[in-house]
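Asks: Sharing a model that was predicted from the sequence below.
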Amino acid sequence: MYDSALFALFLSTKNLLDTCTYTDWGEMTKEKQGGKRKFIALALLSALVTSFFVVSGPVSGAEAHTGDITATAACNAGTGEYDVTYTLTLRNTPPGQTASTMWRIGSQNFQGTPNSAAGMDKGPISSAGNGQVVLGSHSLPGTTVGNGPWVYAYTKWSGGYGYGSDTRVEGLKGNCSKPFDWNWQYAAPTCDGLTVTYPADLPAGQANDVNIRVKNMETGEVRTFNFHNNTGTWSGTQTFDVKAHPDWPGWKYYEFQWTQVAGTNYHWQGSLICGTQKPPKPEPKVERTPKETVDCAANIVNIVITVKTSDPVWNEELYDWAYGEPVVTTEMSTRPLTDAERLQCAGDKPEPKVDVKTTEKVSCETELVTITKTTTTEVYVLDGTKWVLGEPDVKVETSDRPATIEELNKAECPPGTEPPPPVHEVDVKTSLDCTTETVTTTTTTTDILYVWNTETRTYVLGKPDVKVETSTRPATIEELNSAECDPTTPPEPKVKEEVTTVIDCATETATDTKVVTTIDPVWNAETRTWVDGEPKVESTDTVRPATVDELNGAPCDPSTPPPPVVNVTSKEVLDCTTKKVTTSTDVAESKPTWDVDTRTWVFGDPVVKTSVTQRDATAAEVKTCPATPSKNTPVPPKTTKSGLAVTGGETILPLVGGAAALILLGATLTILAVRRRRQNADA
């Protein structure tokens, strides 16, 4: 019981000390410090009274529960990170009670010891009685120096008591790292060079040498090219190209065999052939250009051949054979004329000479007419360069045709022989009707006797005796499919259309979105029926100018109104008698109004305001008056601007003129008044 009381006193004192700890006394005035001292005195008195009642009365065992959290860090050589484990130690737990702990990892800023499990995202972790419970762990970079983040836990016992705790790992030195791998590998070389990506943690002083062994595939020579960094070591990604090495002999066909990179025990070894093998020497290039001249009289062709021979020469710069300058020679010969050339010399060939004779003979046995056609043809042949008749070519052609009745009768041919045997035919046909989906079997039996036809002098088939038997049965699905019967008439596709319209007031356009869902019928060959296919959805957007009704119905605000239209006209009249100039100014202003039907600004009828001012005529204007003054003399018109909005200098000129006239009138009246006073004084 007393332990519980002392614990309660401890908690009260701890809360008081926490309050004092977070108070900045240095910034307080004496009055505030005095108030603070009074608050601390009252808090101490409250703690003492509370401890008195706690010590005097019964204390529940659950109020003495504690659960403190600790953090331990260990360097993980495999990952190069700190593995931090958080352990909760439970004490003073009454027998038979269980606990549930929630916890979370915070930031570097301390947020206060928790008094509930609010915001805890890890757990719950169950426990029973006293002892240690591992809440969990997480990793920190091996370079972390100092402290880790704050970790908070809140434990709730089955008796209803709760306890919050906090901790963090401290004193990390940032020296946790993985051991360096001296067997790191780099990529195999390519014909563009050896590319090496050096590890970021490579110890200093290692990466300053690279050796590449290369073999000349044409000569067999093997050389090793060394790349050495004289100013330090390499890092990052470096490419070593033997073709850029100062000692590179310019080989065109070579093989990479072996590479060595300082800083790793790994060596690449293999065969990578690069470049182009020297091609074999080609044959000399010979160009023969013949020129022929036909001599019809001598029956020969004179030939002159110009021969250009170019020998191949090796070009080391191009690494290829190139042909040198050609050597030109001339060859002369003759040959007989060809048939085509002799034809050209002889000119056009005459047409052949043809003689045709035809005879006919009737055969009663075969009832045929044998036609004998004898054709004698003499073709012109070329003799040298002249056309002469050749040997005659005689062709005899025979052909038979049926003799006509008149020809047979004229030849007194006897009647025909015995009639041929009767014709007996049985034809069985099976037909499938895709329309009715039935199979019809038709058996046709035909018997025909031959009869003698005196008009044609032949035995002809008489009237046929035909017997037809038919039978019909339903066709099977396999027969219909095998016959490739077309499907039945498909039903109409199921089409659903939906159109939505969106009005854009800014651009005054309407976007019609049309969504068409189509379900086409699909033929099912197994059941030979139409079934619904997969729905096809097509969406199209059509942008068009919005109608006035659509813009008004949106509703869309009117556009920015244009400024009013102001027309200013002035007219001046000179009175030569009074030497005054009267100015009449008309200001016509038309204001825009919004027309809903056309959605445009329309200018209404102008409102005209007239102002009249008077001023003294200038000396130049007086000079224009005639010798005999007249009442009204027009003043030369002045240029005015019209059609402008009342925004500035265009409308201020009449106002300035009116003001000047008023000032002049006031000065005149003043002078007259002064004179009158002087006159009265003199009197």
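Replies: Sure, I can see it. Residues are numbered from 1 along each chain as shown.

Asks: Count the neighbours of residue 259 for me.
Replies: Using other C-beta atoms under 10 Å, the number of residues around residue 259 comes to 23. Placement of C-beta: from N, CA and C, glycine included.

Asks: The one 10 residues further on too?
Replies: Residue 269 has 11 neighbouring residues, counting by other C-beta under 10 Å.

Asks: Tell me the bridge partners for it.
Replies: Bridge pairing for residue 269 (DSSP bridges) gives the partners residue 258.

Asks: For residue 154, see how far away it is.
Replies: 63 Å (C-beta to C-beta, to the nearest Å).

Asks: Then residue 80?
Replies: Taken as C-beta to C-beta, the span from residue 80 to residue 154 is 33 Å.

Asks: Could you check which of those two has the larger neighbour count?
Replies: residue 154 (24 against 16).

Asks: ok, the more buried one - contacts?
Replies: 101-103, 114-117, 120, 162-165 (C-beta atoms under 8 Å, 6 or more residues apart in numbering).

Asks: For those residues, give me TSV that also has distance to residue 75 and pLDDT.
Replies: Below are those laid out as TSV (distance: C-beta to C-beta, whole Å; pLDDT from 0 to 100):
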residue	distance to residue 75	pLDDT
101	27	95
102	29	96
103	23	96
114	30	95
115	35	93
116	35	94
117	32	93
120	28	94
162	35	93
163	32	94
164	30	94
165	26	95
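
Asks: Take these and keep only those in strands.
Replies: 101-103, 162-165 (DSSP state E).

Asks: helix, strand or coil for residue 622?
Replies: At residue 622 the chain is in helix, as set by DSSP: H, G, I helix; E, B strand; the rest coil.

Asks: Please name the nearest non-neighbouring residue to it.
Replies: Closest residue in space to residue 622, ignoring its immediate chain neighbours: residue 579 at 5.8 Å, by C-beta to C-beta, 6 or more residues apart in numbering.

Asks: Tell me who's in contact with the one you found.
Replies: Here residue 579 is in contact with 616-617, 622, 625 (criterion: C-beta under 8 Å, 6+ apart).

Asks: what about burial for the residues you listed, which qualify?
Replies: 617, 625 (16 or more other C-beta atoms under 10 Å).

Asks: For residue 388, give its distance to residue 296.
Replies: 17 Å.

Asks: between the two, which one's more packed in?
Replies: When neighbours are counted by other C-beta under 10 Å, residue 388 and residue 296 differ, and residue 296 comes out ahead with 15 against 10.

Asks: What ranges in the stretch 301-450 of the chain fall below the confidence cut-off?
Replies: Per-residue confidence for the stretch 301-450 of the chain (pLDDT under 70) gives these ranges: 416.

Asks: switch to 80 and redo it
Replies: Scanning the stretch 301-450 of the chain with the threshold set as pLDDT under 80 gives 316-318, 409, 412-417.

Asks: Same question for the chain.
Replies: For the chain (pLDDT under 80), the answer is 1-65, 67, 316-318, 409, 412-417, 452-458, 627-683.

Asks: all helices for it, in order.
Replies: Listed from the start of the chain, the chain has helices (DSSP state H) covering 2-21, 30-56, 339-346, 405-410, 477-482, 548-553, 619-623, 649-682.

Asks: what helices or strands is the fourth one leaning on?
Replies: Same thing as helix 405-410. The contact analysis (3 or more C-beta pairs under 8 Å, 6 or more residues apart in numbering; DSSP states H and E) places helix 405-410 against strand 353-363.

Asks: what do you get for the third one?
Replies: With contacts defined as 3+ C-beta pairs under 8 Å, 6+ apart, helix 339-346 has these neighbours: strand 285-295, strand 368-383.

Asks: For stretch 557-572, list every residue counted as buried.
Replies: Applying a neighbour-count criterion of 16+ other C-beta under 10 Å, one finds 564-568, 570, 572 buried in stretch 557-572.

Asks: same question, stretch 407-422
Replies: 407-408, 413.

Asks: got a list of contacts for it?
Replies: 362, 364, 367, 369, 403, 447-452, 457-459.

Asks: Could you count how many residues lie near residue 218?
Replies: If we define neighbours as other C-beta under 10 Å, then residue 218 has 13 of them.

Asks: list the contacts for it?
Replies: Applying C-beta under 8 Å, 6+ apart, the residues contacting residue 218 are 251-253, 277-278.

Asks: before we move on, what about residue 503?
Replies: Counted by C-beta under 8 Å, 6+ apart, residue 503 has contacts 509-510, 546, 550-551, 553-554, 556.

Asks: And those, which of them are buried?
Replies: Judged by 16+ other C-beta under 10 Å, buried ones among the contacts of residue 503: 510, 546, 550-551, 556.

Asks: The closest residue to residue 170 other than its chain neighbours: what's it in contact with?
Replies: Distances taken as C-beta to C-beta, 6+ apart place residue 147 nearest to residue 170, at 4.7 Å, with adjacent residues excluded. Residue 147 sits next to 108, 168-172 when contact means C-beta under 8 Å, 6+ apart.

Asks: Now a ChimeraX select for only the buried ones of these.
Replies: Of those, the buried ones go into a single ChimeraX selection, burial set by 16+ other C-beta under 10 Å:
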select :168,169,172
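
Asks: Surely residue 594 is in contact with residue 562?
Replies: No: with contact defined as C-beta atoms under 8 Å, residue 594 does not count as touching residue 562 (11.1 Å).

Asks: between these two, what contacts are shared?
Replies: residue 601.

Asks: for the stretch 101-250 of the chain, what spans make up the strands?
Replies: 122-128, 131-141, 145-146, 151-157, 162-167, 172-173, 194-197, 209-216, 222-228, 237-240 (DSSP state E, counting those that start in this stretch).

Asks: Then the stretch 501-650 of the chain?
Replies: Counting by DSSP E, counting those that start in this stretch, the strands of the stretch 501-650 of the chain are 509-519, 521-524, 529-532, 536-545, 565-575, 580-590, 592-595, 600-603, 607-616, 633-634.

Asks: if I pick residue 254, what's in contact with it?
Replies: Counting by C-beta under 8 Å, 6+ apart, residue 254 has contacts 214-217, 273-275.

Asks: Closest one of those residues to residue 467?
Replies: Closest approach to residue 467 among the contacts of residue 254 (C-beta to C-beta): residue 273, at 88.2 Å.

Asks: Next up, the contacts around that closest one.
Replies: 217, 253-255.

Asks: Closest to residue 193 out of these?
Replies: residue 254 (12.8 Å).

Asks: any idea how far the closest one is from residue 627?
Replies: For residue 254, the distance to residue 627 - C-beta to C-beta - is 119 Å.

Asks: Over to residue 253?
Replies: From residue 253 to residue 627 the distance is 119 Å (C-beta to C-beta).

Asks: between these two, which one's more packed in?
Replies: Per other C-beta under 10 Å, whichever of residue 253 and residue 627 has more neighbours is residue 253, with 16 against 5.

Asks: so what's the more buried one up against?
Replies: With C-beta under 8 Å, 6+ apart, residue 253 has these contacts: 216-218, 273-278.
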